[in-house]
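Enquirer: pasting a predicted model and its sequence here:
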Amino acid sequence: MARIYLDYNASTPLAGAVVEAMRAAIDTAWGNPSSPHWAGVPAKAIVEAGRDDLATLLGCAPQEIVLTSGGSEANNTALQGVVLAHYPRAVHIITTAVEHPSILAPCAFLERLGARVTRLPVDGTGRIDPDDLRRALRPDTVLISVMHANNEVGTIQPLEACARIAREHGILLHTDAAQSLGKIPVRVEELGVDLLSVAGHKFHAPKGVGALYVRGGTRFEPLIHGAGHEAGRRAGTESALLAAGLGAASRLARDLGWTQSVRRLRDGLWTGLQTRFGERVVRNGHATACLPNTLNVSFVGRVGAEVLAALPEVAASTGSACHSGTVEISAVLRAMGVPAEVGMGAVRFSLGRHTSEAEIDELLGQLGRALAA
C-alpha cells in the first residue's frame, strides 16, 4: 500500500529547485557573509539574493525583511519587539483566540511582564468580527496580531478590514502568514500590515529559516542581541545555505496556478466523505474563506487519533488529544464552539502540490473500510 502524505500544513518537502539552489550554495558560499573578503562576498550575495526573492514575493523592499530561524521566532520578535520598544510603559495587545501557540505563548509571557492582552472570540467558522476588534481598542493599544489563515481549519481572517481599523487609530498590525504564503496571494500593501511572519518549511523551503517583514520606520526591540547582523535587528551569522533555499522557494511560490487543481481535489474529498458518511462527518471551518488545500472534518462519534491509527500509511493530523483516558479537543475547535463530541473526531487533511486524484480516491476507500464498523 502506497504512503499518502496529506499533512502539508505541518511541513512541506523541499522543492527540487530549492535542493539545487542549496547544493550550489554549499560549494560557493561557505564563508561568513559579514566578512568583506573573497570567501565572505559570495555568501553575502546569496543571502541578499534570497532576501530580494522573498521581498519580491511579498511586494516590499528587501531592507524590510529580517531573516529568522523560522515562523516562531518571527512571531516572538514581532510581539516582544513591539512591546519592549515601549518599555517600561505598560501597553495593550489585541490578538485572537485561534492563533498559533507562537503567538499565544508570547502574549502570556508579556502579560507576566505587565502587558494587557485581549483575545478576540471567533464565530463557528473560526473568523473574528472586525467590530469586536474595534470595540477592543484602548488608548494604550500598540499592536494587533491577527493570523492570515488558520493552520488547523484553514479559515482566512478578514485582515483587510482589520488593517483599516488599525490605520484609523495609528496602531501597528501584525499577521502570521506561515500558512497562507505560497497558497493564496500574500502582498503586504494589499493586506495593509506593518509586520508579517514567514516560515520557510511551510512552502517548500528548508526548516530552520523564516523571516519577519517589518514596515520601514517601525520601532521594535530585537529578540536576539549581539553583533550588527540583519542591520542590527537580529544577531547571528546569516546562513547563505538557508537563504538560498528560502529564495528558491519564494520564486516558486509566485505561481499559484497549482492551487486550482488542489482546490478541486479538496472539494472532491469533501464530497466523497459526505457521500460515504452523510451526517456522520462534519466540516470544521469556513466553506469559502478557506485555504484551498485544507479540509478539517470531524467523524462524529469517533476519536481523530483512532481514525488516523486505522490509516497507518496516511499522514494527516488530528485536532484532539487523549489524556488519562479522556479526549480533549484543540483550543481552536473549542474557541469555535465545536461540541466536544464532534471535536474529538477531528482530522485535518492538508493537500499539496504533489497530491493526486488517485491518492484522494485511495484515502476515501481506506476510510470507508476502516470506519465501516
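Expert: Sure, I can see it. Residues are numbered from 1 along each chain as shown.
Enquirer: what is the neighbour count of residue 326?
Expert: Using other C-beta atoms under 10 Å, residue 326 has 9 neighbouring residues. All C-beta atoms are positioned from the backbone trio N, CA, C, and that covers glycine.
Enquirer: now residue 37
Expert: Taking other C-beta under 10 Å as the neighbour definition, residue 37 ends up with a count of 8.
Enquirer: ranges for the helices of the stretch 251-373 of the chain?
Expert: For the stretch 251-373 of the chain, the helices identified by DSSP state H, counting those that start in this stretch occupy 258-277, 304-309, 331-335, 340-343, 357-370, in order along the chain.
Enquirer: can you map out the strands along the stretch 1-150 of the chain?
Expert: When secondary structure is read from DSSP state E, counting those that start in this stretch, the stretch 1-150 of the chain shows strands at 4-5, 65-68, 92-96, 116-120, 141-145.
Enquirer: would you turn those strands into TSV with distance to residue 340 and mean pLDDT?
Expert: Converted to TSV, the strands of the stretch 1-150 of the chain look like this (distance: least, C-beta to C-beta, whole Å; pLDDT from 0 to 100):
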stretch	distance to residue 340	mean pLDDT
strand 4-5	29	98
strand 65-68	37	98
strand 92-96	21	98
strand 116-120	21	98
strand 141-145	28	98
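Enquirer: want to throw these into a markdown table with mean neighbour count and distance to residue 290?
Expert: Formatted as a markdown table, the entries for the strands of the stretch 1-150 of the chain read as follows, by neighbours: other C-beta atoms under 10 Å; distance: least, C-beta to C-beta, whole Å:
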| stretch | mean neighbour count | distance to residue 290 |
| --- | --- | --- |
| strand 4-5 | 20 | 20 |
| strand 65-68 | 26 | 27 |
| strand 92-96 | 24 | 16 |
| strand 116-120 | 18 | 19 |
| strand 141-145 | 24 | 21 |
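Enquirer: of those, which is nearest residue 28?
Expert: strand 65-68 (18.7 Å; C-beta to C-beta).
Enquirer: just checking, what packs against the closest one?
Expert: Contact here means 3 or more C-beta pairs under 8 Å, 6 or more residues apart in numbering; DSSP states H and E; on that basis strand 65-68 packs against helix 40-58, helix 71-84, strand 210-214, helix 229-232, helix 240-252.
Enquirer: I'd like the distance from the last one to the chain centre, please.
Expert: What that stands for is helix 240-252. Its chain's C-alpha centre and that of helix 240-252 lie 18 Å apart, by C-alpha atoms, centre = their mean, to the nearest Å.
Enquirer: same check, this time on the longest one
Expert: Taking C-alpha atoms, centre = their mean, one finds the center of helix 40-58 at 22 Å from the center of the full chain.
Enquirer: report the buried residues of it.
Expert: Along helix 40-58, the positions that meet the burial threshold by neighbour count (16 or more other C-beta atoms under 10 Å) are 40, 42-44, 46-51, 53-55, 57-58.
Enquirer: and for the last one?
Expert: Residues of helix 240-252 classed as buried by neighbour count (16+ other C-beta under 10 Å): 240-252.
Enquirer: closest to residue 168 out of these?
Expert: Nearest to residue 168, judged by C-beta to C-beta, of these is residue 250 at 31.9 Å.
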